[in-house]
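>>> Pasting a predicted model and its sequence here:
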Amino acid sequence: MAKRGGTRRVNVGTRQFTILGARNSTFADLYHNSLAISWPRFLLVVASVFAITNLIFALLYWMGGDVIANTQGGSLAMLFFFSVEALSTVGFGDMHPMTYYGHIIASVENFFGLLFVAVTTGVMFTRFARARARFMFARHPVVSSFNGKPTLMIRVANERHNTVSDASARLWILKDGRSAEGQSFRRFVELKLERVENPVFILSWTIFHTIDEHSPLFALIEGQDAPVSALILTITGYDENMAQEVRARHWYDVKEIKWDHRYADILESGPDGDTQLNYDLFHESTPEKPI
């Protein structure tokens with residue numbers, strides 16, 4: 001009988017899926033998992049591995065008797081601290097191996113310590129060096145009239161306020177469908193945007209999609225049920241400070257769309273006549289006034 005796999009939960013946008021029969025690949029894909037987990041969890045894992053490893057080597061020293069000098073007759077606590085010094089290659093000199101058994105265990109620990117430090121340093125450098133965008137997405141898409149046509153709008157901001165050049169946007173919907181044989185399926189359909197590129201994305205950017213008769217969202221305007229469950233917006237650009245390409249993605253449930261609403265104006269005039277950007281109003285929207 002084949003061995004059944006475990007279960008895991010995966011978040012796809014705002015929806016959560018339970019994967020049944022999945023093979024546990026924590027150690028098979030250790031590098032990816034080390035990059036995917038959060039910083040607090042990563043540091044907790046590293047600290048736990050460090051402490052457990054030192055405890056194991058302290059027990060090995062303890063099993064050999066009085067093999068380390070100046071450890072109060074082989075005290076487990078003192079052997080633990082000697083293991084910390086050996087594993088981290090510090091070596092203050094007060095405690096040192098006195099027997100062949102002690103030297104052998106210390107040599108093995110030093111070799112493991114070199115590997116541990118090298119791997120941990122490499123993973124931490126990769127985590128720090130990864131290019132991450134800090135784009136802020138409005139909590140709700142809105143639909144209001146623009147140039148006389150109903151238009152879907154999504155507001156995005158660059159929270160770093162640095163230059164992201166050659167920025168581009170793509171908007172997709174997750175659409176349910178059914179084949180001629182009656183088999184249900186889901187597919188991504190790209191929506192046409194009014195302006196897909198922004199040469200210099202520094203402050204804010206509003207994405208526009210006109211909902212005309214060719215739009216997959218047109219049925220929603222007509223009050224009909226449309227087989228659309230989610231919106232996916234992706235932003236790509238070149239961060240000039242990091243000299244790397246950055247990407248960001250945001251999911252919206254169709255139910256999060258605010259119909260007949262317009263985003264609040266975030267541009268204000270300052271007391272000195274300069275233009276101010278008020279991010280306190282970034283997520284705010286107001287009902288559209290009828291014409």
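Noted; the coordinates are in hand.
>>> got the domain boundaries for this structure?
37-129, 135-287 (automatic domain parsing).
>>> Now render the ones you listed as TSV, adding mean neighbour count.
(Glycine included, C-beta is placed from N, CA and C.) Putting those into TSV (neighbours: other Cβ atoms under 10 Å) gives the following:
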stretch	mean neighbour count
domain 37-129	15
domain 135-287	15
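>>> Helices of the stretch 51-200 of the chain, start to end?
Using DSSP state H, counting those that start in this stretch, the helices of the stretch 51-200 of the chain run over 76-87, 100-129.
>>> avg pLDDT for the last one?
This points to helix 100-129. In this model, helix 100-129 has a mean pLDDT of 93.
>>> Counting by contacts, list what that helix packs against.
helix 30-36, helix 39-63, helix 76-87 (3 or more Cβ pairs under 8 Å, 6 or more residues apart in numbering; DSSP states H and E).
>>> how about those helices in TSV, adding distance to residue 94?
Formatted as TSV, the helices and strands packed on helix 100-129 follow (distance: least, Cβ to Cβ, whole Å):
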stretch	distance to residue 94
helix 30-36	35
helix 39-63	15
helix 76-87	9
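>>> of all these, which lies closest to residue 208?
Counting by Cβ to Cβ, residue 208 lies closest to helix 30-36 out of the helices and strands packed on helix 100-129; the figure is 33.8 Å.
>>> I'd guessed residue 287 sits against residue 260; true?
Yes - if you go by Cβ atoms under 8 Å, residue 287 and residue 260 touch, sitting 6.2 Å apart.
>>> still on that earlier bit, of the domains of the chain, which is nearest residue 11?
The nearest among the domains of the chain, by Cβ to Cβ, is domain 135-287 at 9.2 Å.
>>> now do the same end-to-end measure for that closest one.
Domain 135-287 has an end-to-end distance of 25 Å (Cα to Cα, to the nearest Å).
>>> Now do it: distance to the chain's middle.
Mean-position distance between domain 135-287 and its chain equals 20 Å (Cα atoms, centre = their mean, to the nearest Å).
>>> Residues in a beta bridge with the nearest residue to residue 138 once chain neighbours are set aside, which ones?
Setting aside the residues directly before and after it, residue 138 is nearest to residue 155 in space (Cβ to Cβ, 6 or more residues apart in numbering), at 4.2 Å. According to DSSP bridges, the partner residues bridging residue 155 are residue 206.
>>> Hmm, residue 155 is touching residue 284, no?
No - between residue 155 and residue 284 there is no contact under Cβ under 8 Å: 10.1 Å.
>>> Between the two, which contacts overlap?
residue 263 (Cβ atoms under 8 Å, 6 or more residues apart in numbering).
>>> for the helices and strands packed on helix 100-129, which one sits closest to residue 198?
Among the helices and strands packed on helix 100-129, helix 30-36 comes nearest to residue 198, with 28.9 Å by Cβ to Cβ.
>>> So which elements touch the closest one?
Counting by 3+ Cβ pairs under 8 Å, 6+ apart, helix 30-36 packs on helix 100-129.
>>> to the chain's geometric centre, what's the distance from the helix it packs on?
On Cα atoms, centre = their mean, the centre of helix 100-129 falls 28 Å from the chain's centre.
>>> List the contacts of residue 275.
Counting by Cβ under 8 Å, 6+ apart, residue 275 has contacts 267, 268, 269.
>>> From residue 238, how far off is residue 244?
8 Å (Cβ to Cβ, to the nearest Å).
>>> Next: residue 153.
25 Å.
>>> Could I get the contacting residues of the nearest residue to residue 232 once chain neighbours are set aside?
Of all residues not flanking residue 232 in the chain, residue 172 sits nearest, at 4.4 Å (Cβ to Cβ, 6+ apart). Residues near residue 172 by Cβ under 8 Å, 6+ apart: 188, 189, 190, 191, 231, 232, 233, 234.
>>> Pick out whichever of those residues sits closest to residue 16.
Closest to residue 16, out of all of the contacts of residue 172 and judged by Cβ to Cβ, is residue 232, at 16.3 Å.
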